[in-house]
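In: build me a structure from this.
(chains A and B)
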Amino acid sequence: MKSNLKPDQHARDQEDKYLSPREVAETLEEFFKSDNAIRKLELLIKTYVIKPSGISLLELERDIVSEAITKIWEGKRRWPRGINAATMIKQTARSIISGMRAERNADALAIGRRTECPDPSSNSDEWLDSVSVKETINNHHQIANYEDALEAIKNLFSDDPVAYDVLYAVHGMKLKPAEVQTMLSLTATEYETKRRKILRRLADLR
Amino acid sequence: MENKNSQKEGEEILDSLAEEITNLTDEDISKLYKEANLNSDEGVANIRTTALATINSLRRKELQEARRAYERTAQVKQKSKGDRIPENPGAQRKLLESLWNNPLIPQALTMSFRDRKDLSDSDVTSILEDLEELGFLEES
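Out: Down below sits the predicted model:
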């Protein structure tokens, strides 16, 4: 349906709907003053990334935080009023990581296609191209796809399969705590201990 | 198909874990880091430094862009100054004649030059420059 609003009215409504650049700047600065807000953000990024290769987790965290701030600041992701800083930054970071995953998958497909076709013994430059693509990608952030991330989580609990079972029951099967306890024959305390262990392991990722 | 399902499942599990983390209170977070015996101060400081450096760099970029925009505007203004005044003295007089009866032009500016015939060419140029600066040549 076509809007009957005049352009300046429309612009004013948009301004009311989203934070102004000044508000964005102030809110971001305020957010990064809190140690626990940063810890939570760090834990979220670690959880979404799980296990990068070719780059340290801390370095990747810094890149993601910096990119998230830039996207929000420059208005590439507009900040609706009523959304708190933690949610806004979390959603932006998630979207950046998903983008990296998608890019990596597309690159991997491209490598698969390139390396299957060219013949290194031929005089064609195509083979050289495929090598340079590979080298470039090795320098990119290597974020595991979701399937590999799941495998990495499983490996994280290789010494405690019950902890992984709890994780899978809660987050994969969406069972309620009582249901998980019945299914895995755990007491409430044992369940709570495993749940805290899962979070500690994620926080300890580096 | 199986691969697609594992991808979806992986995504859902990560999202659900993230949701649990999002719902942790400040107290939960403090307790968790204490329990894990994590020396997270360094990590926190690192992220904070990165965040503030990014914010400062974006502020600087904004300032530079604003300065460049101002300089561009100033250049345009500088360039347009005198553009509306013809070079030929006769044409300048004609332009001044055409403006003389404009009621919006401050009388104080024109009073001393009421007898236009006494004006030298440089007087005419000077009055036109004043009028241009006041914006009276823009609509003419």
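
In: which strand or helix spans the residue in chain B that chain A sits nearest to?
Out: In chain B, the residue that lies nearest chain A is residue B:10 (3.0 Å; C-beta to the nearest C-beta). Quick note: C-beta positions are derived from backbone N, CA and C, even for glycine. Residue B:10 belongs to helix B:2-22 when assigned by DSSP states H and E.

In: residue A:78 against residue A:21, yeah?
Out: No. Using C-beta atoms under 8 Å, residue A:78 makes no contact with residue A:21, being 10.5 Å away.

In: which parts of the helix holding residue B:10 are buried?
Out: For helix B:2-22, a neighbour-count test (16 or more other C-beta atoms under 10 Å in any protein chain shown) marks B:6-7, B:9-11, B:13-14, B:16-18, B:20-21 as buried.

In: how about stretch A:190-200?
Out: Residues A:191, A:194-200 are the ones in stretch A:190-200 that count as buried (16+ other C-beta under 10 Å).

In: for stretch A:20-35, same thing?
Out: Buried residues in stretch A:20-35 (16+ other C-beta under 10 Å): A:24-25, A:27-28, A:31-32, A:34-35.

In: and those residues as a markdown table, adding secondary structure?
Out: Below are the buried residues of stretch A:20-35 laid out as a markdown table (DSSP: H, G, I helix; E, B strand; the rest coil):
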| residue | secondary structure |
| --- | --- |
| A:24 | helix |
| A:25 | helix |
| A:27 | helix |
| A:28 | helix |
| A:31 | helix |
| A:32 | coil |
| A:34 | coil |
| A:35 | helix |
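
In: near chain A, which residues of chain B?
Out: B:3, B:6-14, B:16-18, B:20-22, B:24, B:26, B:29-30, B:32-33, B:35-36, B:38, B:40-41, B:43-44, B:46-48, B:50-55, B:58-59 (C-beta under 8 Å from any C-beta of the partner chain).

In: skipping adjacent residues, who's closest to whichever residue of chain A sits closest to chain B in space?
Out: As assessed by C-beta to the nearest C-beta, chain B sits closest to residue A:146 within chain A, at 3.0 Å. Nearest non-adjacent residue to residue A:146, counting by C-beta to C-beta, 6 or more residues apart in numbering or on different chains: residue B:10, 3.0 Å away.

In: likewise for residue B:8?
Out: Closest residue to residue B:8 apart from its sequence neighbours, by C-beta to C-beta, 6+ apart: residue A:146 at 7.5 Å.

In: flag the shaky bits of chain A, pLDDT-wise.
Out: Scanning chain A for pLDDT under 70 picks out the ranges A:1-15, A:107-141.

In: residues contacting residue B:9?
Out: A:146, A:150, A:172 (C-beta atoms under 8 Å, 6 or more residues apart in numbering or on different chains).

In: of those residues, which belong to helices?
Out: Within the contacts of residue B:9, residues falling in helices by DSSP state H are A:146, A:150.

In: residue A:83: which of the contacts of residue B:9 is nearest?
Out: residue A:146 (25.6 Å; C-beta to C-beta).

In: from residue A:31, how far out is the closest one?
Out: 28 Å (C-beta to C-beta, to the nearest Å).

In: again with residue A:106
Out: Distance from residue A:106 to residue A:31, by C-beta to C-beta: 32 Å.

In: give me the helices and strands touching the helix or strand hosting residue A:65, please.
Out: Here residue A:65, judged by DSSP H and E, is contained in helix A:57-73. Packing partners of helix A:57-73 (3 or more C-beta pairs under 8 Å, 6 or more residues apart in numbering or on different chains; DSSP states H and E): helix A:21-31, helix A:35-49, helix A:85-116, helix B:40-80.

In: can you do 6 Å?
Out: helix A:85-116, helix B:40-80 (3 or more C-beta pairs under 6 Å, 6 or more residues apart in numbering or on different chains; DSSP states H and E).

In: closest to the centroid, which residue in chain B?
Out: For chain B, residue B:66 is the residue whose C-alpha lies nearest the centre (C-alpha atoms, centre = their mean; 4.0 Å).

In: check the buried residues of stretch A:20-35 one by one and keep those near chain B.
Out: By C-beta under 6 Å from any C-beta of the partner chain, the members of the buried residues of stretch A:20-35 lying near chain B are A:32, A:35.

In: which two of the buried residues of stretch A:20-35 have the greatest separation?
Out: Top of the distance list for the buried residues of stretch A:20-35 (C-beta to C-beta): A:24 and A:35, 21.8 Å.
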